[in-house]
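Q: Need coordinates for the following:
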Amino acid sequence: MDKGSEKRVVMSARRAVTETASGFHRDGGPEGAKGLYLQVSERTGGEGVTRSWIYRFVSPVTGKPRWMGLGPTGVIGLADARTLAREARKAVVLGRDPIEDRLAGRTQAKLEAARRITFEQCVDEYLAAHGDKWKNDKHRAQWETTLKKDAALLSPLPVSEIDTALVLRVLRPIWATKPETASRLRGRMERVLSFASVSEYRPKGSDNPARWRGHLQEMLPARSKVRAVKHHEALAYAELPAFMADLRSRPSMSARALEFTVLCATRTNETLGAKWGEIDLKGKIWSIPASRMKTGKPHRVPLPDRAIEVLKALQREGEFVFPGAKEGQPLSNMAMLELVRGALGNGNTVHGFRSSFRDWAAEQTAYPNHVVEMALAHIVGDKVEAAYRRGDLFDKRRRLMSEWARYCASKPVAGTGKVVSIAAARA
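A: Just a heads-up that it's a prediction; the model follows:
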């Protein structure tokens with residue numbers, strides 16, 4: 001044993017708190033506490049000493065000597081130290097290593113405490129841990145509201161006890177009336193529960209009850225059926241040429257922005273936030289930064305000839321391609337929507353033209369599904385399909401968008417729809 005100087009001393013409570021000689025002072029007390037030492041060490045800087053109890057034993061597991069701290073004398077008195085030493089010695093006699101026993105006990109206590117973490121607490125930890133991944137405060141707030149309001153049933157429950165039945169109790173009522181909201185909630189619940197597993201708040205190896213594949217897929221309607229539910233009407237693609245012809249006759253900035261949006265099959269915020277610095281007129285490319293994309297990834301849009309004509313006809317007034325009435329600000333969110341509602345009715349939205357494009361591509365072209373999905377800046381979910389893709393399929397998408405622009409500019413077919421003239425709607 002090489003742990004400094006050792007002195008055999010019959011300890012007393014008084015001696016334990018007054019001993020000043022540095023080293024290990026062996027307790028000469030009862031046989032049952034054999035192996036108990038008082039460790040006296042000089043404080044850093046040489047001002048006084050510290051005293052603590054140490055139990056020395058030979059591990060029955062490794063056969064090597066070990067030193068087990070029992071606590072400082074200011075907290076653990078001599079009688080308590082001898083009791084702890086006897087308990088440790090008993091463990092050794094029974095073939096256990098008391099240090100490993102203590103570590104296992106602490107681990108178990110931590111696990112039990114972790115498994116008392118509620119779903120709501122886990123949501124808070126998840127949001128805090130991923131704070132730098134949110135696009136903005138509004139996006140983070142949407143997550144928090146969805147998980148705490150729509151999944152309020154789970155909030156007070158230990159996250160370790162959440163199972164498929166509970167997840168279904170949350171999702172079923174929403175799935176029946178708001179399938180898109182339910183699908184979004186399910187995905188967010190899955191991420192939180194995965195975080196809980198990694199954080200050991202759930203039993204190791206347990207399944208994620210919010211994962212789509214498995215019981216949920218059997219108990220809830222298929223995704224294809226969910227996506228078939230439309231909350232807003234979309235203009236049938238057969239009626240689009242007539243609508244576009246009427247739109248081109250309008251000289252307003254909102255009409256140009258809407259035409260550009262339809263030609264590019266983009267989302268409203270992507271168009272309204274477009275800046276001249278993102279546009280390459282010569283290369284016919286519009287590069288949208290990740291910060292403005294729903295997927296959080298940059299997206300390149302191949303610009304068809306008509307889209308280039310729209311851009312060249314605009315006057316450059318500041319950084320925004322489609323400026324609004326206020327200086328330095330883009331066109332308002334309502335500008336294009338009001339124009340659409342005036343022509344097609346209140347149920348229609350700008351976003352509906354993306355559905356028109358999707359239907360046209362599926363029924364009138366032979367382009368593969370993943371090319372069309374990339375044109376819409378959707379994430380391709382099938383891992384096998386994604387593995388075969390290279391880059392962003394830009395050349396194929398350029399041909400697709402050129403065909404789309406030609407279709408939009410084609411001669412309207414009589415009797416294909418009841419598109420109300422925008423001018424007439426405002427009269």
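
Q: Return the set of buried residues in the helix or strand containing M401.
A: Secondary structure assignment for M401, by DSSP states H and E: helix 394-408. For helix 394-408, the neighbour count (16 or more other Cβ atoms under 10 Å) marks 396-398, 400-405, 407-408 as buried. (C-beta placed from N, C-alpha, C; glycine too.)

Q: Packing partners of it?
A: When contacts are defined as 3 or more Cβ pairs under 8 Å, 6 or more residues apart in numbering; DSSP states H and E, helix 394-408 packs onto helix 240-248, helix 253-264, strand 299-302, helix 305-313, helix 352-364, helix 369-375.

Q: how about a cut-off of 6 Å?
A: Applying 3 or more Cβ pairs under 6 Å, 6 or more residues apart in numbering; DSSP states H and E, one finds that helix 394-408 contacts strand 299-302, helix 369-375.

Q: Pick the most buried one from these.
A: By mean neighbour count, with neighbours taken as mean count of other Cβ atoms under 10 Å, strand 299-302 ranks first of the helices and strands packed on helix 394-408 at a mean of 22.

Q: Low-confidence regions, this protein specifically.
A: By pLDDT under 70, the weakly predicted segments of the chain are 1-20, 31-33, 45-46, 107, 109-115, 131-136, 213-219, 221-233, 380-392, 413-427.

Q: report the longest strand in it, please.
A: Looking across the chain with DSSP state E, the single longest strand is strand 49-58.

Q: immediately after that one, which helix or strand?
A: Counting by DSSP H and E, the next helix or strand C-terminal to strand 49-58 is strand 65-72.

Q: what's that next one packed up against?
A: With contacts taken as 3+ Cβ pairs under 6 Å, 6+ apart, strand 65-72 sits against strand 49-58, helix 98-114.

Q: Could you rerun that using 8 Å?
A: The contact analysis (3+ Cβ pairs under 8 Å, 6+ apart) places strand 65-72 against strand 49-58, helix 78-93, helix 98-114.

Q: Ends of stretch 29-41, what's the gap?
A: Its first and final residues considered, stretch 29-41 spans 22 Å by Cα to Cα, to the nearest Å.

Q: same question, stretch 283-299
A: 15 Å.

Q: Kindly report the same for stretch 262-279.
A: End-to-end distance (Cα to Cα), stretch 262-279: 17 Å.

Q: in it, what counts as buried?
A: 262-268, 270-274, 278-279.

Q: just those now: which is nearest V159?
A: Nearest to V159 among the buried residues of stretch 262-279: R267, at 34.6 Å, using Cβ to Cβ.

Q: Now do the contacts for that closest one.
A: 261, 294, 351, 354, 377 (Cβ atoms under 8 Å, 6 or more residues apart in numbering).

Q: let's go with 7 Å and repeat that
A: 294, 351 (Cβ atoms under 7 Å, 6 or more residues apart in numbering).

Q: Look up phi and psi at it.
A: Note on R267: its backbone torsions stand at phi -90, psi 160 [degrees, to the nearest 10].

Q: what's the distance between it and T261?
A: The span separating R267 from T261 equals 8 Å under the rule Cβ to Cβ, to the nearest Å.

Q: Now do the domain split for the protein, please.
A: Domains of the chain are assigned by automatic domain parsing as 6-110, 119-228, 237-426.

Q: Okay, the residue sitting nearest the centre point of the chain and W143: tell me how far apart.
A: Nearest to the centroid of the C-alpha atoms of the chain, with distances taken as Cα atoms, centre = their mean, sits R191, at 6.2 Å. The spacing between R191 and W143, counted by Cβ to Cβ, is 9 Å.

Q: now do A176
A: For A176, the distance to W143 - Cβ to Cβ - is 23 Å.

Q: E309 now?
A: Per Cβ to Cβ, E309 is found 41 Å from W143.
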